[in-house]
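*Asks:* Need coordinates for the below:
(3 chains)
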Amino acid sequence: MPAQKGWLFDVYPSRDGMVLWLKTEQRCLRLIDPYWATFYLGGPDAALKQCAAYLSRQRLPITTKWTERKELLSDCFIPVLKVSTPRLDRFSTLVQSVYRVNPELTFYNCDILLPQLYFYETGLFPLAQCELAYDEAFRLTDFQLLDSAWEIDYLVPPLRFLQLRMEQDANPNHGRPTRLIASVDDREFVFEAEGAELLHGLNALLLTHDPDVIVTRYGDSYIIPRLRRLADAHGSPLALNRDGAAGIRGKQSKSFFTYGKIVYRAGAQVLHGRWHLDIENSFAVDETGLDGLVELARITKLPVQRCARTSVGTGVSSMQLDVAFRDGYLIPWRKRLPEAFKTGSELLLTDKGGLVFQPRIGWHEQVGELDFSAMFPTIMVKHNISQETVLCDCCPENRVPEVGHHICTKRRGLVPRTLEPMLERRMTYKRLLKQPLTTEERERYDRRQSALKWLGVVSFGYQGYRNARFGRLEGHEAITAYSREALLAAKEIAEAQGYSLLHAIVDSMWLQKAGAMVQDYERLAADISRQTGLPILVEGMYNWIAFLPSKRSPKAPVPNRFFGRFLNGAMKVRGLEVRRSDTPGFVRCAQAAMLATLSTAKSSDECRALIPGLLDDLRAKVDQLREGRVSLAELAITKHLSQEPGEYKTDTILAEAAKDLASRGVRLSPGEEIQLVIVDSRANDKVSKAKAYALYDGSLGYDVEKYTELLLKAAESVLWSFGYDYARLKAMFPEGLSLRRNEVTEAIQPFSRLLRSRGSLAMTRDSRGNHEAEESK
DNA sequence: AAAGTACGGGG
DNA sequence: GTGTACGTACTTT
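*Replies:* Modelled structure (predicted):
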């Protein structure tokens, strides 16, 4: 009987069982595992018996068995009916039909996607190295796992890539049809968007190259749907999929509300036996690249293409399900409830219960910053905070400070058990990063640890889900109570040692003490760690840091508008224009350049000496704007629609641009991102204030003065501490020759997001506003 | 002045 | 699969 070693590349259900694709050095092998998927039913004996009888009358192969399994909340065994079927394609319809017949039964393990359930049950996971044995019909007969999801130095198989993108960098759904560019290795192929040549050319490329991964920009929302329509129209096949029997699974786009804002999720085009990754539709790929995606898929056990497209919260949830499943717990069906539902926040904001001490506005030198590392996840682990441990029946004496909830001391919670190995794993990567490594290794470990960090951040928010499978509001309250206690204690310890607090927010504090060196801060951090039981580290020492005031009331501090220079020359920037996604590239780069220049200065005096130069640069930028030498791509502003284009009550630039697109037949959904260029912000006669970037030919120019204003306001943020406010800057650059209708030069597009996908796998986004400046600069 | 609209998190 | 924070900044009415 043949056996093959390789990596588990793809897993999905089919009529005949679970399809497994094994990637070896040479090829990709399709096997089928005749796997029986199982769910459980609980309830009164009579009802269960009746249900078993109903199931025996079904025409599907189904087995039922009486057994006992543990319930999560009570930790007690309860009698349940185990229902299994090999017809994976009918699994969810089967659950639905049982529910229709007897909605009073309690359902368990029935709403978990089958590949996940398969992974939990077998111990396999995406990209696991394993040896699979199979018969002549390519049916799996045995397997051996040669890998562990917790392995640090795991191997990733060699993968072949095909990249697809449209010629224009803007969202093709919002623009005119352009040519399709396919690239393989370093070769590029350009196809006209219509016609049979495209299909033939692409098919030839797919067949000769046989890529494992198709990486696209806008593949989910535009390229693949178009290719499929084209193939249908010509009646010719399209070889995108590797599994000819399975087809491409399309998912509808949707808009939904979460945490106060509407989110748009593009549809999906999921391949079988081959991955399609749309970098414009993947948080994980965008933030942490392919390395982060593989790391997440391995430890969350979400199939790679699903992992690429879901929120990190889904990953956290999957890890918890895995732990619960392996411990033999029944997993309750999370029915969608119609009532209001509070979602977990990915923001660690003050209103969520974190403590803030407002900053001392202004310029400060010789400042140290201490940050609690992974504060919320660490609290959950340390204090055993989990759905089933908060307000337990057995430990009324173990109280949370302030809020008074009690937490179990007898039983280790599901959430801490999930988080603990993950925190440890991230620490291992961080330790590795301190050792001598090649650039490649450094980047890989850094992306992996960054992917893990997201899991930690989100797992806190998850506690706030009132009806989340493993969330609990009281757990959330307990976490923030512990965090306040820890920050307060840290402040007191620091002050007792002669430090004065400049600013503190949730898990970070900025301190000052004459003559204190890094070692002193290290010692302080060690003291705080010891006394609070939570690890706190020196984030860095600043030569200088500027805490900016509120723009509306210049005497009021705000917690998150500051920038400073670390001793090693790196800058930390929060709340400035560079950090905002709706700042045009031209302004963002101008401000980033100013900050980079300041980062070369180690003191207020050195900064002051740089100001004349900064003002010269600023003048050059203003001139560039006024002379119409800025490209549209640099002026494009990205914003998210909060509603349908027609629902806007006020004519803002965003509403105008959305209506511009809508009037030209572009369908837009709430939450969707659009790009616009301001043409004349003061137009109030219903003449366009703004144009959609994707469709704008530049004939109306751009609003020089508006962009100058944005530029000067960004400059104000940087120069405010040196006495330059907006009024003063404006006076220095009086409205000259105001060219409202400029000739626009289509210059090179240095801010094109395209750059991210060019090259083999340089797929992560440059972070906004973190400018690593070298000490030697 | 009031109402409408958008943004942010971490490293 | 997800179901509407809250404070700040800015624009429009």
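*Asks:* Next, count neighbours for A:Ala592.
*Replies:* By the criterion of other C-beta atoms under 10 Å, A:Ala592 has 23 neighbours. Where you see a C-beta, it was placed from the backbone N, CA and C, and this is true even at glycine.
*Asks:* That one against A:Arg579, yeah?
*Replies:* No: counting by C-beta atoms under 8 Å, A:Ala592 sits too far from A:Arg579 to count as a contact (10.3 Å).
*Asks:* What are the boundaries of the helices in the stretch 101-250 of chain A?
*Replies:* A:114-122, A:196-209, A:224-234 (DSSP state H, counting those that start in this stretch).
*Asks:* any low-confidence regions in chain A?
*Replies:* Along chain A, the parts satisfying pLDDT under 70 run over A:258-260, A:334-352, A:459-472, A:684-687, A:736-777.
*Asks:* center of it - which residue?
*Replies:* Nearest to the geometric centre of chain A sits A:Phe283, at 3.7 Å (C-alpha atoms, centre = their mean).
*Asks:* so who does that one touch?
*Replies:* Counting by C-beta atoms under 8 Å, 6 or more residues apart in numbering, A:Phe283 touches A:311-312.
*Asks:* Then the one 5 residues further on?
*Replies:* Contacts of A:Thr288 were listed using C-beta under 8 Å, 6+ apart, and they are A:295-296, A:447-448, A:450-451, A:454, A:764.
*Asks:* Need the three-state assignment for it.
*Replies:* State at A:Thr288, reduced to three classes by DSSP: H, G, I helix; E, B strand; the rest coil: helix.
*Asks:* Which residue is the nearest non-sequential neighbour of A:Cys130?
*Replies:* Nearest non-adjacent residue to A:Cys130, counting by C-beta to C-beta, 6 or more residues apart in numbering: A:Leu145, 5.1 Å away.
*Asks:* before we move on, the earlier item: please name whichever of the helices of the stretch 101-250 of chain A is nearest to A:Asn173.
*Replies:* Across the helices of the stretch 101-250 of chain A, A:Asn173 has its closest neighbour in helix A:224-234 (9.7 Å, C-beta to C-beta).
*Asks:* Just the buried residues of that closest one, please?
*Replies:* Residues A:224-228, A:230-231 are the ones in helix A:224-234 that count as buried (16 or more other C-beta atoms under 10 Å).
*Asks:* That helix: how far from the chain's middle?
*Replies:* Here helix A:224-234 is found 30 Å from its chain centre; the criterion is C-alpha atoms, centre = their mean, to the nearest Å.
*Asks:* That helix - contacts with which helices or strands?
*Replies:* Identification of packing neighbours for helix A:224-234 by 3 or more C-beta pairs under 8 Å, 6 or more residues apart in numbering; DSSP states H and E yields helix A:196-209, strand A:268-270.
*Asks:* what sits up against that helix?
*Replies:* Helix A:224-234 has contacts (C-beta under 8 Å, 6+ apart) with A:193-194, A:196, A:198-199, A:202, A:216, A:237-238, A:240, A:248, A:250, A:267, A:269, A:276.
*Asks:* Count the residues that sit near the residue nearest to A:Cys130.
*Replies:* 15.
*Asks:* Just the strands from the stretch 651-777 of chain A, written as ranges.
*Replies:* A:673-678, A:690-692 (DSSP state E, counting those that start in this stretch).
*Asks:* ranking the ones you listed by burial, who's on top?
*Replies:* strand A:690-692 (a mean of 27; mean count of other C-beta atoms under 10 Å).
*Asks:* Doesn't A:Lys551 lie inside a strand?
*Replies:* No: applying three-state DSSP, one finds A:Lys551 to be coil, outside a strand.
*Asks:* so who does it touch?
*Replies:* Going by C-beta under 8 Å, 6+ apart, A:Lys551 touches no other residue.
*Asks:* Next one: it from DNA strand C, what distance?
*Replies:* According to C-beta to the nearest atom of the strand, to the nearest Å, A:Lys551 and DNA strand C sit 4 Å apart.
*Asks:* Near the nearest residue to A:Gly353 once chain neighbours are set aside, how many other residues are there?
*Replies:* Nearest residue to A:Gly353, sequence neighbours excluded (C-beta to C-beta, 6+ apart): A:Thr480, at 2.9 Å. A:Thr480: 24 surrounding residues under other C-beta under 10 Å.
*Asks:* who's the nearest residue to A:Phe189 once chain neighbours are set aside bridged to?
*Replies:* Distance criterion C-beta to C-beta, 6+ apart; nearest residue to A:Phe189, sequence neighbours excluded, is A:Ala182 at 4.5 Å. For A:Ala182, the beta-bridge partners under DSSP bridges are A:Leu164, A:Phe189.
*Asks:* Next, work out how far apart A:Ala182 and DNA strand C are.
*Replies:* Separation of A:Ala182 from DNA strand C (C-beta to the nearest atom of the strand): 29 Å.
*Asks:* what sits against that residue?
*Replies:* So A:Ala182 contacts A:162-164, A:188-191, A:201-202, A:205 (C-beta under 8 Å, 6+ apart).
*Asks:* gap between the residue of the stretch 151-300 of chain A found nearest DNA strand B and A:Val213?
*Replies:* Closest approach between the stretch 151-300 of chain A and DNA strand B, counting by C-beta to the nearest atom of the strand: A:Glu287, at 5.3 Å. From A:Glu287 across to A:Val213, the span is 18 Å (C-beta to C-beta, to the nearest Å).
*Asks:* And A:Gly585, by the same measure?
*Replies:* From A:Gly585 to A:Val213 the distance is 29 Å (C-beta to C-beta).
*Asks:* Excluding chain neighbours, what is closest to A:Lys602?
*Replies:* Sequence neighbours aside, A:Asn543 is the residue nearest to A:Lys602 in space, at 4.5 Å (criterion: C-beta to C-beta, 6+ apart).
*Asks:* which residues touch the one you found?
*Replies:* By C-beta under 8 Å, 6+ apart, A:Asn543 lies in contact with A:365-366, A:564-567, A:601-603.
*Asks:* out of those residues, which are buried?
*Replies:* Listed as buried from the contacts of A:Asn543 are A:366, A:564-566, A:601; burial here means 16+ other C-beta under 10 Å.
*Asks:* all helices of the stretch 351-500 of chain A, in order?
*Replies:* A:375-382, A:414-433, A:439-463, A:473-496.
*Asks:* Please work out which of those helices is packed deepest.
*Replies:* Neighbour counts (mean count of other C-beta under 10 Å) averaged over each of the helices of the stretch 351-500 of chain A peak at helix A:375-382, with a mean of 24.
*Asks:* on that earlier part again, most widely separated two among the contacts of helix A:224-234?
*Replies:* Across the contacts of helix A:224-234, no pair lies farther apart than A:Ala196 and A:Gly267, at 25.6 Å, counting by C-beta to C-beta.
*Asks:* who has more neighbours, these two?
*Replies:* A:Gly267 (17 against 12).
*Asks:* Quick check on that one: phi, psi?
*Replies:* With angles defined as degrees, to the nearest 10, A:Gly267 sits at phi -70, psi -180.
*Asks:* residues in contact with it?
*Replies:* Taking C-beta under 8 Å, 6+ apart, one finds A:220-221, A:225, A:250-253 in contact with A:Gly267.
*Asks:* Also A:Ile152?
*Replies:* Per C-beta under 8 Å, 6+ apart, neighbours of A:Ile152: A:425, A:428-429, A:432.
*Asks:* From these, pick the one nearest DNA strand C.
*Replies:* DNA strand C lies nearest to A:Arg425 out of the contacts of A:Ile152, by C-beta to the nearest atom of the strand, at 21.1 Å.
*Asks:* Using TSV, please lay out the contacts of A:Ile152 together with distance to A:Asp725.
*Replies:* What follows is those, written out as TSV (distance: C-beta to C-beta, whole Å):
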residue	distance to A:Asp725
A:Arg425	48
A:Thr428	48
A:Tyr429	44
A:Leu432	46
